[in-house]
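>>> pasted the sequence and its predicted model underneath.
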Amino acid sequence: MFDMPGDEDVMAEFVSMSASPNAYTSPDMTVYHFSCTDNFEDNLRLLLRYVLTPYFTEESVSKEQGIIGQEIGMYLDDPASMLSEDTMKCLYEKHPIRESILGTVQSIGEISPKTLYDCYNAFYTPANMVLAIVGDVNPEEAVKIASEAFEGKENREVPLVDYRGEEPTLPFKKELTRISSVSIPQMLLAIKMDGSGDGRVLQRKCLLCDLAMSLLTSPSSPFYARLYSEGLINSDFSGDCECLRGTFTAFISGETRKPGEVSRLFFEECASAAENGFPAARFSGTKKSFFGSKLRRYDRFGGYASALIGSFFDGDNLYDESDIIESITMEEVCAFIKENFVPEKASLGVNSPD
């Protein structure tokens, strides 16, 4: 997408205007972005112009296939990346999240300029795009620039997402171990949860999950301290939550010589928390810390813009987070843990040393 007709060098143009451009693809979107301290309007015009100007040739596709092929090789040599992919293949049977974003050397070798033009014409339509701007800019001027860039562009119907059929409630496989070049075994415990509901429903579910993980697995939690003192985990241990369209997953990850034991103890801790709750002071303190972590995201322009984009596509309102967090009760968190953090909903992936 950075290639333009007439050998125009988009990257060099950004640099000449003191901007830092890049792009990335996640499981559910592709994002083109730049940051700058000057020449914002000109940089915005350039961003919109190259994103709205597809130009693919046999030569450029062949060159990029070589680059992506090298990236795939690096990915295959990264034990943590392979562990994540293995675990998602265990957890999900049909949903495309189980597939690698990069693809395979064979699959990218089948891509032609026509393939890319077909994809562009299907997905790169104004109805399927959002522009997020964060900074000290003139919003009216930004809207004017965007309107001029999109003037006359066909607003085609957005294709329906193919989730490959109804996803089973329980994991596809319970466990997978890969022999890897690691000195200490790595574990990834993934929990499959109900990802149904509209954007606002899922927004609350995700915040509930994140808060539950903070209470259970943060370095300030008694569970973390106990496992660390017993030598079962190190500082790499963490819990997380990911909510993508059609999926809802919680993760426990880290290095441990006893992944099965850590998994068992985690679910014991969850059962105890669901039954007995948390000390009121710790629940209140963790909730305040959790809110603070969300608030600090606004200090990072890139993270702020990404959050706005995700919120738009998910159909929720990013600025509702503070009210939702404030309204979450301990009883609600405990009920969430009891319903979701159970062994039958989990898959365990392990990287084992040679």
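Sure thing, it's come through. Residues are numbered from 1 along each chain as shown.

>>> tally of neighbours for Asp236?
A count of nearby residues for Asp236, using other Cβ atoms under 10 Å, gives 12. C-beta: built from backbone N, CA, C; applies to glycine.

>>> need the contact list for it.
Ser253, Gly254, Glu255 (Cβ atoms under 8 Å, 6 or more residues apart in numbering).

>>> same check, this time on Met88
Residues near Met88 by Cβ under 8 Å, 6+ apart: Ile97, Arg98, Ala190, Thr249.

>>> again with Pro259
Listed by Cβ under 8 Å, 6+ apart, the contact set of Pro259 reads Pro185, Met187, Leu189, Leu348, Val350.

>>> which two among the residues you listed are spaced furthest apart?
Farthest apart among those by Cβ to Cβ are Pro185 and Leu189. That separation is 12.6 Å.

>>> more neighbours: these two, which one.
Neighbour totals were compared for Pro185 and Leu189, and Leu189 leads with 23 against 17 (other Cβ under 10 Å).

>>> please name the nearest non-neighbouring residue to that one.
Spatial nearest neighbour of Leu189, chain neighbours left out: Ile252 (4.1 Å); criterion: Cβ to Cβ, 6 or more residues apart in numbering.

>>> A helix includes the one you found, no?
No: if the criterion is DSSP: H, G, I helix; E, B strand; the rest coil, then Ile252 is strand and not within a helix.

>>> thought Leu188 was touching it, still the case?
Yes: using Cβ atoms under 8 Å, Ile252 is in contact with Leu188, at 7.5 Å.

>>> in ChimeraX, how would I select just the buried ones from the contacts of Met88?
Restricted to buried positions by 16 or more other Cβ atoms under 10 Å, the ChimeraX selection for those reads:
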select :97,98,190,249
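
>>> any chance of the contacts of Met88 in JSON lines with pLDDT and secondary structure as columns?
Conversion of the contacts of Met88 to JSON lines gives the following (pLDDT from 0 to 100; DSSP: H, G, I helix; E, B strand; the rest coil):
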{"residue": "Ile97", "pLDDT": "93", "secondary structure": "helix"}
{"residue": "Arg98", "pLDDT": "92", "secondary structure": "helix"}
{"residue": "Ala190", "pLDDT": "98", "secondary structure": "strand"}
{"residue": "Thr249", "pLDDT": "97", "secondary structure": "strand"}
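
>>> want to throw the contacts of Met88 into JSON lines with distance to Glu321?
Formatted as JSON lines, the contacts of Met88 follow (distance: Cβ to Cβ, whole Å):
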{"residue": "Ile97", "distance to Glu321": "24"}
{"residue": "Arg98", "distance to Glu321": "29"}
{"residue": "Ala190", "distance to Glu321": "24"}
{"residue": "Thr249", "distance to Glu321": "20"}
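
>>> out of the contacts of Met88, the closest to Arg156 would be?
The closest of those, once distances to Arg156 are taken by Cβ to Cβ, is Ile97, at 25.5 Å.

>>> what about the helices in the stretch 101-250 of the chain?
For the stretch 101-250 of the chain, the helices defined by DSSP state H, counting those that start in this stretch cover 105-109, 113-123, 139-150, 199-217, 222-229.

>>> kind regards, and thank you for your time.
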